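Student: model the structure of this input:
(chains A and B)
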Amino acid sequence: MKLRFYCWSILVLACAIYLSISLFRGYHFDSSIMALLPESEQSPAEVLATQHLVNASDRRLIFLLRDSDKPRSALAAKAFAETLNDSQLFSNIQGQSSASATASWQAFYQARRYQLLSGNSRQRLQSNDPTLVDDSLGRLFSPLASLVAGQLLDDPLQLFFQWQLAVIPAFPFTLEDGWLTRTDDEHHYRLIATEISGNPYDIIYQKQVMSTLAKAEAALPPETTLLSSGLMLHAAHGAKQAIGEISTIGIGSALGILLLLFACFRQLRAVVIAFLPIVVGCSFALACSLFLFDSVHLITLAFGAGLVGVAIDYSLHFLCAHNPEDVPENKNAENKSQHQASSVLRSILPSLSMGLASSVLAYAAQGMAPFPGLRQMAAFSALGLIGAWLTVVCWLPVLQASKPIAFNTALIHQLKSWQSRWPNIESLWLKITLATLTLSFATLVYTIEGNDDIRLLQTSPPELLSEDIAVQQLLGAASPARYLVLEGGSVEALLQREEVLTEKLDNAINVGQIANYMSTSQFLPSQQRQQSNHSLLEKTVYAPLGQLHQLALRGQLTGIEAPAQQAFKDTPLNILQLNDWLDTTMSELTTHLWIGEYQGHYYSLITLFGIKDTEAIAQLDQLAQTLKGVEFVDRIADISLLLANYRQQLTQWLVLAYGLVLTLTTLRYGRQAWRVVSAPALASLAVLSLLQLSGSPITVFHGLALLLVLGIGLDASIFLQDSDNSPYTWLAVTLSSLTTLLAFGLLALSSTPVLHYFGVTVLLGIICVWLLAPCFVTRQTPCQKGVNTPL
Amino acid sequence: MKTSGRPGWKHILYSLSLSLVIANIFIVAKSHSDTPNQPDKNHTTNALLSAIIEQVTISDKIEGSFEQRKYIHILPQPLLSKGVFQLDKKTGLVWQINTPVSSRIVFDSAGIHQHQKGQAVWEISNDRPGVAMIGELMRAALSYDWPLLENYFFINGSINGSSNSSISDVSETQGGKQQWALTLTPKETTLQKTIKHISLTGEQTLTSLTLFEVNNDRTEITFDML
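Tutor: Next comes the predicted model:
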């Protein structure tokens, strides 16, 4: 026993030292909202695409200042940008600007203008469309002349001009008063784009940025509205929420549990002994998690800290079983109390271990979920329970040795009286009631349709999300979660593949399925395409009697024909290469599109704008399937599908788990096994029915929580059954149910949907288990004793 | 492929839109602004603009014929075109060229549409600010929409051959047809790169618009209102 004590003490000490060192060094808990998201089965191309996209945007924050008054909004924008600038927290703040976009594009492509043709121009040239010349003359002789006449010799048919218009992305903001501005019917929007200089998940940095933003926003005139968008805002919100919930839920349940224990034992030593396994369990779990995982998530702490409240079970069972009344042979042998303590341990060890095994099994099932966050929570909880169990087994017999714990006897008597009146399955009316309830619950549960909406995973408040959507709409941004991923054996092959696909996408634009798309090959046509464009121009526009000649003739511009011909001849084919493109500043616009080489293959993205409806989504998916090396990615559908799959799998798992548990308990209890399994099973049905009746969505997370209900319910039933329904065991079960309720019930208050669902399910489940478990267990002498005890 | 620690879809939400947008901004905004000092828009300019408004004919529908001469430094002769136009608040500005070719271009709030023999051949939407500007400018000038023009230009001018400072006699010659001339200078560097200035002249109606380009080309349009 001493050996056990010292071994565990050394381990706990090691954990404590490791923990203090880690925390002292300023460990930053992860607050990223992504951690809860599942890993879907993705192709390498999709994985690359996702990673690529993420790297591009973590540090960006976008602000729009909305005001009905224009000069006021300019002043507000100026003050806002200055506040951000003064904080030194941003590496880049862009609001006011000056240089011309079009000019730099034109300068870059000018030397290659004869290799670039818009899809429409190419088609018209190939079909020798006679109206082409008229269109060009029409523009040249209109007020648009000021845009196109300057290039009369270099681009007589305005084909390069049209290519630029087709390719350079539209941006609805124009410079006004020195600010990028968009004006709609009622409001003016000033755009301020920033890049933060720190890590968006660093909580300390987050706080600094958020308080700077709050300060800047507070200084805005009352009529000016700030709209913001950026990953960090969500990360900051998630962190704030998690910290808030840890403090309220954690402190709330700790206080509640302490009060409960005081009410029960009225003795500090007993409370300390009861609480010790939790504290040690938590520290053990945290130390191990810090060691095992790259980063520990704040939500894990919120969930795990509350959950280790279950660990109090073990010490309670130990304390309750330790009561002299239950071990009468040692009643007057205080000098043998140490021996007594270890015999108590021996007497409860099977139940204790069975309880631990069933709980850890439940967490192991949770750990099989493809959600990294849930996996971590499961590991944390299982480790916490193991730590608590070891503390009870190794420490409590030694600590408890000095003298036995006195109970609040009034409470015990009260419990006895309740217990005696508690209905039992042996009574006919309860049999009928439970049978009816089971039947109606089962019917209700049968009607449940699962909810796999991706919003279940949403941890951000709706205001933040709708602001995001508003900002993105105003910016005219690409569809965030739906895009095409392409793969090719070489740069050239990939670009050619893009060109095949974009021709089909042009059709999709024409029939209104999508508004637009953006691809690398628009800016960097394949070599093949550049060559064919050049030779097409040679054969048509610049051929003798070609379109140039007709233009000169019809527009009475004969003077320009020879110099325009000369310009074409003087500009040899000069293939634009990938590196030329990547080296320009304009390619910043498309860096998110070009993924590059990975294991000998090349990957790129095509982003889509304004996808019309689900029909269009289906068409895009089909289009991708008909082309080799093209994948249509629909992240929203992917994740919903994954949630649905997982929910179905989990349902099967739950049924399987009950089967396993039944087999396991049959080995121990024989034909009485149903007595320990019925309570959690019926409780689960009841919870599902109640949730269904209340209109709550039933999700994969409810299923996971039901696994916990199974674990905890089984625990309670096993103890009750093993102790022949002793009032002390019932006290322990009641206390641990109450502590679990305090731990999990408060989780139901969480505004993070996942934690909320867990909390509600476990809350209801434990109440049901607590009510039901005594009904099913074998009722023997203690019960009759209770009836006969006058109170 | 190992799949742990992979970012989720929500990331992409920002990535796609933001990278696109930011890149755009950074390209537009490579250097920091040095917007020219705005001359005090004194009350005399306001008085001048309202004096013009008082004497011009304002109606919902403006139509007439035009002659456009496009002077290009590489050509000895200007490009001359003639046709008719119609400006309607609802349908926008319809610019019908009759010589030397037949072409119809509509400038409206959605963008620019070109029609050839009744068939749409070319179209550009208003989210191309640089291109759409021409249409907006023409519509604003023809409908005397000074506030819109002041968004982009500093406006100076004179009426009846007198300069800004001496327009006190405007009121004395009520109803008389006085000549007025305005010079529009671009406020933003983006416009300054292409447009040197624009001059508008008129009496009871707008009679001419000349756009002077930075490369010394110019577009001269004269109007003959119905």
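Student: does anything pack onto the host helix or strand of A:Val209? Which helices or strands?
Tutor: Per DSSP states H and E: A:Val209 is located in helix A:203-218. Judged by 3 or more Cβ pairs under 8 Å, 6 or more residues apart in numbering or on different chains; DSSP states H and E, the packing partners of helix A:203-218 are helix A:70-87, helix A:231-245. In short, each C-beta sits where N, CA and C put it, glycine included.
Student: for it, list the C-alpha coordinates in PDB.
Tutor: Presented in PDB, the C-alpha positions along helix A:203-218 are these (Å, rounded to 0.1, in the frame of the first residue of the first chain):
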ATOM      1  CA  ILE A 203      -5.000  35.300 -26.800                       C
ATOM      2  CA  ILE A 204      -3.000  38.200 -25.400                       C
ATOM      3  CA  TYR A 205      -2.500  39.700 -28.900                       C
ATOM      4  CA  GLN A 206      -6.100  39.200 -29.600                       C
ATOM      5  CA  LYS A 207      -7.100  41.200 -26.600                       C
ATOM      6  CA  GLN A 208      -4.800  44.100 -27.600                       C
ATOM      7  CA  VAL A 209      -6.300  44.100 -31.100                       C
ATOM      8  CA  MET A 210      -9.900  43.800 -29.900                       C
ATOM      9  CA  SER A 211      -9.400  46.700 -27.400                       C
ATOM     10  CA  THR A 212      -7.900  48.800 -30.200                       C
ATOM     11  CA  LEU A 213     -10.800  48.100 -32.400                       C
ATOM     12  CA  ALA A 214     -13.200  48.900 -29.600                       C
ATOM     13  CA  LYS A 215     -11.500  52.200 -29.000                       C
ATOM     14  CA  ALA A 216     -11.500  53.000 -32.700                       C
ATOM     15  CA  GLU A 217     -15.200  52.100 -33.000                       C
ATOM     16  CA  ALA A 218     -16.100  54.100 -29.900                       C
END
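Student: relative to helix A:231-245, how tilted is that helix?
Tutor: For helix A:203-218 against helix A:231-245, the angle by axes from the mean of the first three to the mean of the last three Cα atoms, to 10 degrees is 110 degrees.
Student: tell me the residues of the stretch 201-350 of chain A that contact chain B?
Tutor: Proximity of the stretch 201-350 of chain A to chain B (Cβ under 8 Å from any Cβ of the partner chain) is limited to residues A:229-231, A:234, A:294.
Student: tell me the mean pLDDT over the helix holding A:Val209?
Tutor: If you average the pLDDT over helix A:203-218, you get 89.
Student: how deep is residue 50 tucked in, by neighbour count?
Tutor: The chain I'm using is chain A. Residues near A:Thr50, counting by other Cβ atoms under 10 Å in any protein chain shown, number 22.
Student: other chain: chain B
Tutor: Neighbour count of B:Ser50, defined by other Cβ under 10 Å: 11.
Student: can you name every helix or strand that the helix or strand that it is a member of contacts?
Tutor: For B:Ser50, the element it lies in under DSSP H and E is helix B:43-55. Using 3+ Cβ pairs under 8 Å, 6+ apart, the elements in contact with helix B:43-55 are strand B:153-159, strand B:180-186.
Student: pull up the pairing partners for the helix or strand just after it, direction included.
Tutor: Downstream of helix B:43-55, the first helix or strand assigned by DSSP H and E is strand B:61-71. Listed by DSSP bridges, the sheet partners of strand B:61-71 and their directions read strand B:79-88 (antiparallel), strand B:218-225 (antiparallel).
Student: so what touches the shortest one?
Tutor: Yep, that's strand B:218-225 we're talking about. Applying Cβ atoms under 8 Å, 6 or more residues apart in numbering or on different chains, the external contacts of strand B:218-225 come out as A:143, A:145-146, A:149, B:57, B:62-71, B:78, B:85, B:142, B:205-213.
Student: quick one: contacts for A:Val565?
Tutor: If you look again at residue A:565, you'll see it is Gln, not Val. A:542, A:548.
Student: let me know the helix or strand that it is in.
Tutor: Assigned by DSSP H and E, A:Gln565 belongs to helix A:558-570.
Student: using PDB, write out every CA atom in that helix.
Tutor: Extracted C-alpha coordinates of helix A:558-570, given in PDB (Å, rounded to 0.1, in the frame of the first residue of the first chain):
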ATOM      1  CA  THR A 558      -5.900  54.300 -94.000                       C
ATOM      2  CA  GLY A 559      -3.000  56.000 -92.300                       C
ATOM      3  CA  ILE A 560      -2.900  53.600 -89.400                       C
ATOM      4  CA  GLU A 561      -2.800  50.300 -91.300                       C
ATOM      5  CA  ALA A 562       0.900  50.200 -92.100                       C
ATOM      6  CA  PRO A 563       2.100  51.300 -88.600                       C
ATOM      7  CA  ALA A 564      -0.300  48.900 -86.900                       C
ATOM      8  CA  GLN A 565       1.000  46.100 -89.100                       C
ATOM      9  CA  GLN A 566       4.500  47.100 -88.300                       C
ATOM     10  CA  ALA A 567       3.800  47.100 -84.500                       C
ATOM     11  CA  PHE A 568       2.600  43.500 -84.800                       C
ATOM     12  CA  LYS A 569       5.700  42.500 -86.800                       C
ATOM     13  CA  ASP A 570       7.900  44.300 -84.300                       C
END
